[in-house]
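model this:
(chains A, B and C)
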Amino acid sequence: MKRPLHLLANRDSLAGLAVVCVCAVAWWLTAGFDEVPAILSQNVPPTFFPRLVIGTAALLGGLLVVGGIRRRAGEAAGPANAEETSTPHDRARQAGLPPPVFWATAGLIATAGVLIPLVGTLLTLGLVAIALPLLWGERRVRLVIALALGLPGAIYVVFTVALGVRFPVGLVWNLL
Amino acid sequence: MIAKHRMGRIGAILLSLAAPLAGAQSGFPERPIDIVTHASPGGGTDATARAVARGMRTALDADLSVLPRTGGGGVVAMSYVNSRPRDGHTLLAITPTHLFAMARGQGPLTIDDMVGVARAADDPIVVMVRADSEVASLAELVELGRERPIKWGTTQIGGVDHIAGATLADRTGTQLSVVPFAGGGEIVTNLMGGSIDAAGLNLTEALDQIQRGDFRALAVMSEERVSRIGDVPTTVELGYDVVFSTVRGYLVLEGTPEDRIQILEQAMLEGMSQPAYLDYLEGSGLEPGSVAGREEWDGQVRRLYRDARNAMIALGIIRAE
Amino acid sequence: MEPSGLSIAFSLLTDPAVLGLIVAGTVAGVIIGALPGLSSSMGVALLLPFSLYLDPVPAIALLSALYCAGTFGGSITAVLINAPGAPPAVATAFDGYPMALKGEAGRALGIAAVSSVSGGIISVLTLLLAAPLLARIAYSFGPPEYFALGVFALSMLASIGAESPLKNLIGGCLGLLIATVGIDLTTGVERFTFGVPQLLEGVQFIPVLIGLFAVTELLNQARHLGRESVIAAMSALRLPSREDFRRVRSTILRSSGIGVFVGVLPAEGSTMAAMIGYNEAKRWSKAPEEFGKGSIEGVAGPEAANNAATGGAMVPTLALGIPGSATAAVILGGLQVQGLRPGPYLFEEQPTLLYGIFLAMLLANILFLFIGLFGAKVFSRISLVPRTFLWPTVFALCLVGAYGLNQSMVDVWIMIVSGLVGYILKRNGFGPAPIIMGIVLGGLIETSLAQSLIIFDQQWSGFLRQPIAAGLLVLAAVSVGGRPLRKFLGGLLARTAGTARRG
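The predicted structure follows:
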């Protein structure tokens, strides 16, 4: 192991390092929990279990780092070994960066969460039913419109009428 | 034929839940009324609330639903109720647990925000051990607790059964190891299985086990004996002034119009005088005297709060100001 | 017990009105279970107010039928769109979805239906014969035993899926940590709530489940839009062959046994049973290498187990008054409102009611065999719907399902964030199933550990003096430590991971 930094540059070791970092943040958060009187905590303070789990995860993360370095070192010795131990994800990740439509879809998902309290659930669902198919390259406009009308309608009938779930109406409608 | 009729009725009920059937004449209630509980479905508080709601629905000719807002010893439920308009459409189901949380300064409400409507159930706490335990009386349990900590099962740390046990231990100079469980049913199993030494369970939670002789009831934490287990002495009789029970009742918040509180109280009392509710009480082992109107209940809530505060100060959980 | 109770119950249930209710409950259950986000516990909770207008036996029969069918329904979407309707169906997606991708949706659904029904019927028959006896098992399970059982179920993570065992265990830890969000049961202290009041109750697993599975899969589809769909149209509708059923027979029997046993214990049994059922199916299989790529045994194993556990969960609910699952808790509430007191004596005092419940469950199981088999042909058409229409619909259901559970926008955001984070995790080899397992088991493991330590006066060695607990912990250590020992890093890893598990 002459060049440890080079050996560290593999997916498993980096993931392991990320796990250890997340654990450090989580541990720091547990320090902010309220103190409780002994009569309430019964010697099992609220930080006990989270810290046990965080500690275990950090340990496993450390093993992941070590495992990645070892495999990398093994690869250098004989590449045949690496083929055997790589998981489907090792292979899948060589696909490169995601296409723009992926980012647009992720953005749409987050936007839906913002829209629901603003324009109401049913309208949001209708907008999703128009935007997502178009974004994904669907060009049969009539079918898209049918989905945009039918989907919120069906959801309203099943959830609100039959099951009594009341959805957020949307702030915009209150202004009208 | 019957099938069709019943299915039609279910359909009608489904629709009636979607649209309120408000009493046309008074204007109140104009929307469905929510009874907000802190208990998940399946517990005593939930069952009581549903039984009350069933009676009230007929009495008020309006729609009611039980809305669970679980967690945090009632804090979540109290926060939710606090966020609703004070117009009588939101009732808060409370138990002593809420009062203890309030006394610890948790949640947005104080005792002055509370206006009692009616009491639905009064479920005393019974100290019990397994029938084959060497402990035969409360005095012997106290003696055991002076030798080693008693493993005492409770439903919630800081809840009524915990404070009841801790207060008893404090008065008698015994040690307690408090083992928290998620509910009365789990305590019953663990007492049966021998994981814990003793527990302060509600009467309703362990009535069967006491009557069938699986558990030995050592004392009822009340002033008067309970008819269903009339041979069990009370703590007061035995010389310990430790009185705790799980009372379940309903509140609205200060600022709710007076006439609406009266309508709610009337409807609730009427609903709870129906045979269905009395059957529920009987089935759970509670006294019909569990039901009480606004005046008695409101006074009791304040008294319980004071007691809860004092108990917690005595135990060093909170500081007196 | 007395045959009279059985015959009275039988005549009660053959009333056309009651039969109609059971059919309605079963159909509603399959649909509710299948929709991501609508779980059977929510369905039962929503039906509870209506059931109050019925007599006790029909009311509880309706709720139990819905419960049984709901567990099966969860597997439909797990197979078709990799979005389990509820946690017990998580393990079904491991092999069910790869089968659907290969164009064998109908075969997977058929196997799921037959395994579910077999598991369900075996468990109900066991209950009919031995419910009071089985309830006794619960008494020998105190906090130390539950802790050990929870750890044992988590240790299964080391051997599921194609991912690395280490990453699965880390995912499990993440789930356990998510489960600690909210008010601590032991001390009432807020943890990881960041001042959000809705988080006081903790993170609900349904929104996380929807996010991690359905939204992650949606993003995955978006990424690979360019690729041609591999589904061969007609074979998607083909049902399993007789040979298929012969191959999964012993898996079904084994998993049913596991399911009944785990289900009887009052804990979140179905999910645990499904995971153990999957793992044992793989361990005993003649072709373990097919698991994760579309093995019919991998579908039969968890499905038989989770449906057997559904029946099993009714034992502690009825015999001890302790709900065996979230859904059973709601049914328990229904019993109490009807003025019935579940407990060890219910079996002597109310045999009619008990037999009524068991017969209703039996009937529901037989019914959804038909719904499942005929439905498999219908449902599997879903996998033929163009992606551009299927996934927007799935996402709409995700939004509605996450919101509907508690009618809270916070849950919608939890779902969205889980989906986005879950995608990144999945790309890096951290699959969604371990996280879900951690969340489902977290409460049980933490609480029972705290209880055990109080009972043992803070002595960890106390676990070793309890034979059942010690045995389960040893099994857990073996299943975590055994495989890496042979496959990966040798002795070092096995020793450290083994100690980590034991704590």
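
Please verify my assumption that A:Pro117 contacts A:Pro168.
Yes. In this structure A:Pro117 lies within contact range of A:Pro168 using C-beta atoms under 8 Å: 5.6 Å. C-beta: built from backbone N, CA, C; applies to glycine.

Need the overlap of contacts for these two.
With contacts defined as C-beta atoms under 8 Å, 6 or more residues apart in numbering or on different chains, the residues shared by A:Pro117 and A:Pro168 are C:Met409.

wait, is B:Asp132 part of a helix?
No. When classified by DSSP: H, G, I helix; E, B strand; the rest coil, B:Asp132 is found to be coil rather than part of a helix.

State the distance from it to C:Thr352.
Summarising the geometry, the distance separating B:Asp132 from C:Thr352, computed by C-beta to C-beta, to the nearest Å, is 32 Å.

cool, C:Pro98 as well?
Note on C:Pro98: its distance to C:Thr352, by C-beta to C-beta, is 46 Å.

quick one: low-confidence ranges for the chain?
No chain was given, so I picked chain A. Of all residues in chain A, those with pLDDT under 70 make up the ranges A:1-5, A:39-40, A:76-96, A:163-165, A:174-176.

Chain B was what I was after
Along chain B, the model assigns pLDDT under 70 to residues B:1-26, B:40-43, B:71-72, B:320-321.

Three-state assignment for the residue nearest the centre of it, please.
The central residue of chain B, meaning the one whose C-alpha is nearest the mean C-alpha position (C-alpha atoms, centre = their mean), is B:Arg248 at 3.7 Å. Each residue gets one of three states, and B:Arg248 gets strand by three-state DSSP.

which residues does it bridge with?
In this structure, B:Arg248 bridges to B:Ala121 when assessed by DSSP bridges.

List the contacts of it.
Taking C-beta under 8 Å, 6+ apart as the definition of contact, the neighbours of B:Arg248 are B:44-45, B:48-49, B:93-95, B:119-123.

Out of the residues you listed, give me the one that has the most neighbours.
Note: the member of the contacts of B:Arg248 with the most neighbours is B:Thr48, at 32 neighbours, neighbours being other C-beta atoms under 10 Å in any protein chain shown.

can you pull the contacts of the nearest residue to B:Thr45 once chain neighbours are set aside?
Excluding its sequence neighbours, the residue lying closest to B:Thr45 (C-beta to C-beta, 6 or more residues apart in numbering or on different chains) is B:Ala39, at 3.8 Å. With contacts defined as C-beta under 8 Å, 6+ apart, B:Ala39 is in contact with B:45-46, B:49, B:68, B:70, B:93.

tell me the SS of B:Ala39?
Secondary structure, three-state DSSP: B:Ala39 is coil.

where's it relative to B:Leu67, distance?
When C-beta to C-beta is the yardstick, B:Ala39 and B:Leu67 sit 11 Å from each other.

returning to that earlier point: and which of the contacts of B:Ala39 is nearest to chain A?
When these are compared for distance to chain A (C-beta to the nearest C-beta), B:Pro68 comes out closest, at 14.5 Å.

Tell me the residues on the stretch 151-300 of chain C that lie near chain A, please.
The interface of the stretch 151-300 of chain C toward chain A, taken as C-beta under 8 Å from any C-beta of the partner chain, is made up of C:162-164, C:166-167, C:169-170, C:173-174, C:176-177, C:180, C:184, C:186-192, C:215, C:218-219, C:222-223, C:225-226.
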